[in-house]
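> Sequence and predicted structure, then a few things I'm wondering about:
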Protein chains: 2
Amino acid sequence: MNSFIYDIPTKVYFGPNQLNHLGEELQKYGKRVLLVYGGGSIKKSGLYDKVVKYIKESNLELFELSGIEPNPRIESVRKGAKMCKDLNIDMLLAVGGGSTLDATKWISAGACVDFDPWDFFSKRSEIKKALPIVTILTLAATGSEMNSGGVISNLETNEKIGRQDYHLLPKVSFLDPTLTYSVSAYQTACGSADIMSHIMETYFDLEKDLYMLDTVMEGLMKTVIKYTKIALQEPDNYEARANLMWASSWAINGFIDGGKTQQWSCHAMEHELSAFYDITHGLGLAILTPRWMKYCLDDTTVSRYVQFGVNVFGIDENKDPYEIANEAIAKLEDFFFNDLKLEDTLTKLKIDETYFNQMAQKACKNSSIKGFKELKPTDVENIYKMCL
Amino acid sequence: MNSFIYDIPTKVYFGPNQLNHLGEELQKYGKRVLLVYGGGSIKKSGLYDKVVKYIKESNLELFELSGIEPNPRIESVRKGAKMCKDLNIDMLLAVGGGSTLDATKWISAGACVDFDPWDFFSKRSEIKKALPIVTILTLAATGSEMNSGGVISNLETNEKIGRQDYHLLPKVSFLDPTLTYSVSAYQTACGSADIMSHIMETYFDLEKDLYMLDTVMEGLMKTVIKYTKIALQEPDNYEARANLMWASSWAINGFIDGGKTQQWSCHAMEHELSAFYDITHGLGLAILTPRWMKYCLDDTTVSRYVQFGVNVFGIDENKDPYEIANEAIAKLEDFFFNDLKLEDTLTKLKIDETYFNQMAQKACKNSSIKGFKELKPTDVENIYKMCL
């Protein structure tokens, strides 16, 4: 069992009608705010107007950067970092989902350096400081609102790379489940697949862990399974949206890993899919995860599948271990592809094996796919092929 | 479902061999450290020498206050607050269990005011600031290492009162499970009864909660039940001590309540027992909790007992609700009084009904015992009598 440091100081306002605290929180960090957001959805929903109102009432100066892409690009980071320098921005306010938050994190770091922000990824350049970040979340998925990581895509080099740094942790995040009522069924499903994957990437591991954290992870997975189905039926069910939103934060803020050397195999494989084909991250994870589970199932790993099947899906623990493992994989597929109605093959996304070899090489180069079951490029290529 | 603010910035170093970070953490807060501890156990174990070595190596100036009592007294708080002022102390380092940590918290607040620190309790005087606190925990029980509360006793007035304030949150806590290897079976048992009670006081409630937090609470309770038995058999079992230690922090740092109006009936009743008879807090809670459960069981509350019995003790959900409820209470009694070998009546502690009426009045005056089942002084007196 490893030692670890727990250090998650992000303050969270959870619930509707908490935005009236926005001004007082922003005022702690200066005067000049750069509001970062994606497309026009926050204008349609009225959220944009509310945010602007609170900022102006607090006598803060507002600047804006819109148009952050899903799978946010390094070009947006460069643009935002330049704006921060040119405009003497004091703090960043990200309003949106994980893509907007991730871009904002790297803008905040890019604003404090003289080199190209892509160096943070290509050269692992050191992050000595970053501008303070406040977030308003509109999608339960990436957990970016309460962690120090962010993923950026570079379409020129076909790379999508994630990196964490303590300086990127949001100071304050506003989590209002009602803001996710308008999230489409497809995006809700992809978000939940992402949350499930964050937990599973941590859970599937052979190290001796804290049992307490296993119970938390199993509870989080049961929460996601139970409430995604409800949210798809009733998009404005507060209980469902609230459970998904808070689960998304705790799935990947560092609490559940408790010092583990984590694998994150499916994320490494999915990042190449998104980098080459710009598909939705959660969809790629849903397609990959059950195949990865099948590929990794053997005598050394089966016990973890059994614990998962029994404690998350309630499968009878007296069955044969491999029977439990396969039933658990089938139940997960049923959740992703029937309940969540996500596409179940890469073929359906018009992805063929053209780049599988190249993607597999990159997946193993950009990330370490070790531990639970070490995957070499040939293994990754095989898993991609299982997804056709 | 209530809105809430989550704000727990305490940094935790978890695991053995983390104390080498002590100096760098203390240096963030100044030069002059007041080391606060209880009896001589940290000298016997060698922890005292290690702490002093790290402090001296970091060129910090060390001052000491020892002799903090179990159920810490206001006199110690007064003495510590005066020392802080006289010696220009910059920060406090608490080494010990919940009593030492609680006393340290109120010393840190008392050091910043001109009035008597008991006014914080008797007059609810405002806390505008407090000296920074670092803790090294030696007992898994109160959760004081990661929360903003502390309980102080005044034997002159027979009062034991708890209060929370954000300024009292430790900046950093060192949680080394090996430091609890030497905790006696009795103290281990009382600590676990305290942890169980913290979770149950939050869990037993009729508000519509976040299901996600229910699963976390059920996991924490299963963790405490599973690992206390192991720790009693094998005091130096790392896995057991680690699970109990991390569970103790999360049972009462605010995460699991998610905005609930909490009841804390058993704590209110127990504080009077400790105030009048100076008994161990966890023991009082173990004796009171099953009786309180029996007293509160009725048609409005039974569903919560069923959820508890099924999810924590694995009782068959197809049984009659009252049968499940009573079986759950019996299993809890079995855990406290057989597995943990705690005394099962107040009579065995030589406590009779002399002060029950007075204690019941005070319990309802100092705390609000509402919500799950509102308890008036007559009810509290009845529950005390059930403990004879």
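Sure thing, it's come through. Numbering: from 1, shown residues only, chains lettered A, B, ... in the order given.
> which residues of chain A fall in strands?
For chain A, applying DSSP state E gives strands covering A:4-6, A:11-14, A:32-37, A:61-65, A:91-96, A:133-137, A:149-154, A:159-164, A:172-175.
> Can you redo those strands as CSV, where the extra columns are mean pLDDT and distance to residue B:187?
No exception for glycine: its C-beta is placed from N, CA and C like everyone else's. Formatted as CSV, these follow (pLDDT from 0 to 100; distance: least, CB to CB, whole Å):
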stretch, mean pLDDT, distance to residue B:187
strand A:4-6, 95, 25
strand A:11-14, 98, 35
strand A:32-37, 98, 52
strand A:61-65, 98, 57
strand A:91-96, 98, 47
strand A:133-137, 98, 43
strand A:149-154, 94, 40
strand A:159-164, 90, 39
strand A:172-175, 98, 39
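> I'd like those laid out as JSON lines, including distance to residue B:137.
Converted to JSON lines, these look like this (distance: least, CB to CB, whole Å):
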{"stretch": "strand A:4-6", "distance to residue B:137": "13"}
{"stretch": "strand A:11-14", "distance to residue B:137": "24"}
{"stretch": "strand A:32-37", "distance to residue B:137": "40"}
{"stretch": "strand A:61-65", "distance to residue B:137": "45"}
{"stretch": "strand A:91-96", "distance to residue B:137": "35"}
{"stretch": "strand A:133-137", "distance to residue B:137": "32"}
{"stretch": "strand A:149-154", "distance to residue B:137": "29"}
{"stretch": "strand A:159-164", "distance to residue B:137": "27"}
{"stretch": "strand A:172-175", "distance to residue B:137": "28"}
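> In JSON lines: those, plus distance to chain B and mean neighbour count.
Output for those, formatted as JSON lines (distance: least, CB to the nearest CB, whole Å; neighbours: other CB atoms under 10 Å in any protein chain shown):
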{"stretch": "strand A:4-6", "distance to chain B": "4", "mean neighbour count": "18"}
{"stretch": "strand A:11-14", "distance to chain B": "4", "mean neighbour count": "22"}
{"stretch": "strand A:32-37", "distance to chain B": "21", "mean neighbour count": "23"}
{"stretch": "strand A:61-65", "distance to chain B": "25", "mean neighbour count": "16"}
{"stretch": "strand A:91-96", "distance to chain B": "18", "mean neighbour count": "27"}
{"stretch": "strand A:133-137", "distance to chain B": "13", "mean neighbour count": "27"}
{"stretch": "strand A:149-154", "distance to chain B": "18", "mean neighbour count": "23"}
{"stretch": "strand A:159-164", "distance to chain B": "16", "mean neighbour count": "19"}
{"stretch": "strand A:172-175", "distance to chain B": "9", "mean neighbour count": "25"}
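> Could you pull up the residues touching the closest residue to residue A:310 other than its chain neighbours?
Leaving aside its sequence neighbours, residue A:310 sits nearest to residue A:317 (CB to CB, 6 or more residues apart in numbering or on different chains; 4.6 Å). By CB atoms under 8 Å, 6 or more residues apart in numbering or on different chains, residue A:317 lies in contact with A:306, A:310, A:324.
> These in helices, which ones?
Counting by DSSP state H, the contacts of residue A:317 place A:306, A:310, A:324 in helices.
> Of these, which is the nearest to chain B?
The nearest member of the ones in helices among the contacts of residue A:317 to chain B, counting by CB to the nearest CB, is residue A:310 at 11.9 Å.
> what's the spacing between that closest one and residue A:256?
Relative to residue A:256, residue A:310 is positioned 19 Å away (CB to CB, to the nearest Å).
> between these two, who's got more neighbours?
residue A:256 (22 against 17; other CB atoms under 10 Å in any protein chain shown).
> show me what contacts the more buried one?
By CB under 8 Å, 6+ apart, residue A:256 lies in contact with A:199, A:202-203, A:213, A:216-217, A:220, A:250.
> which ones among those come in contact with chain B?
A:213, A:216, A:220, A:250 (CB under 8 Å from any CB of the partner chain).
> Neighbours of the third one, how many?
This means residue A:220. 28.
> The last one too?
Neighbour count of residue A:250, defined by other CB under 10 Å: 25.
> how near is the residue nearest to residue A:310 to residue B:236?
30 Å.
> what does the stretch 1-150 of chain A put close to chain B?
Near chain B, when you scan the stretch 1-150 of chain A using CB under 8 Å from any CB, you find A:1-9, A:11-18.
> picking up where we left off before, dump the ones next to chain B among the contacts of residue A:256 into CSV; add pLDDT and distance to residue B:246 as well.
Formatted as CSV, the ones next to chain B among the contacts of residue A:256 follow (pLDDT from 0 to 100; distance: CB to CB, whole Å):
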residue, pLDDT, distance to residue B:246
A:213, 96, 8
A:216, 97, 10
A:220, 98, 16
A:250, 98, 15
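> of all those, which comes closest to residue A:283?
residue A:220 (20.5 Å; CB to CB).
> From residue A:227, how far out is the closest one?
11 Å.
> do residue A:106 as well
Distance from residue A:106 to residue A:227, by CB to CB: 31 Å.
> And residue A:345, by the same measure?
According to CB to CB, residue A:345 and residue A:227 sit 26 Å apart.
> Among the two, which residue is more densely surrounded?
The neighbour count for residue A:345 versus residue A:227, taken as other CB under 10 Å, is higher for residue A:227 (24 against 13).
> quick one, what contacts that one?
The contact partners of residue A:227, by CB under 8 Å, 6+ apart, come to A:239-241, A:243-244, A:247, B:211.
> And residue A:43, by the same measure?
Neighbours of residue A:43 in contact, by CB under 8 Å, 6+ apart: residue A:49.
> Can you check the pLDDT for it?
Looking at residue A:43, its pLDDT is 94.
> distance of it from residue A:66?
Residue A:43 sits 9 Å away from residue A:66, going by CB to CB.
> May I ask you to confirm that residue A:208 is in contact with residue B:239?
Yes. The pair residue A:208 / residue B:239 is scored as a contact, 7.2 Å apart, by CB atoms under 8 Å.
> quick one on the thing from earlier: could you save the contacts of residue A:317 as CSV and add columns showing pLDDT?
Output for the contacts of residue A:317, formatted as CSV (pLDDT from 0 to 100):
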residue, pLDDT
A:306, 98
A:310, 97
A:324, 98
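> Just the closest of those to residue A:373, please.
Checking the contacts of residue A:317 one by one against residue A:373 (CB to CB), the nearest turns out to be residue A:306, at 15.8 Å.
> List the contacts of that closest one.
Residue A:306 sits in contact with A:317, A:321, A:324-325, A:328, where contact means CB under 8 Å, 6+ apart.
> between those, which is nearest chain B?
residue A:317 (11.1 Å).
> Please list the residues of the stretch 151-300 of chain A that sit near chain B.
A:208, A:210-216, A:218-220, A:222-223, A:226-227, A:238-239, A:242-243, A:246-247, A:250, A:258-259.
> what's the closest non-adjacent residue to residue A:252?
Nearest to residue A:252 is residue A:143, by CB to CB, 6+ apart, at 3.5 Å.
> Now do the one you found: how many residues are near it, please.
Each residue near residue A:143 was counted by other CB under 10 Å, and the total is 22.
> before we move on, what about residue A:245?
Neighbourhood size, residue A:245 [other CB under 10 Å]: 27.
> Same question for residue A:351.
Neighbours of residue A:351 (other CB under 10 Å): 21.
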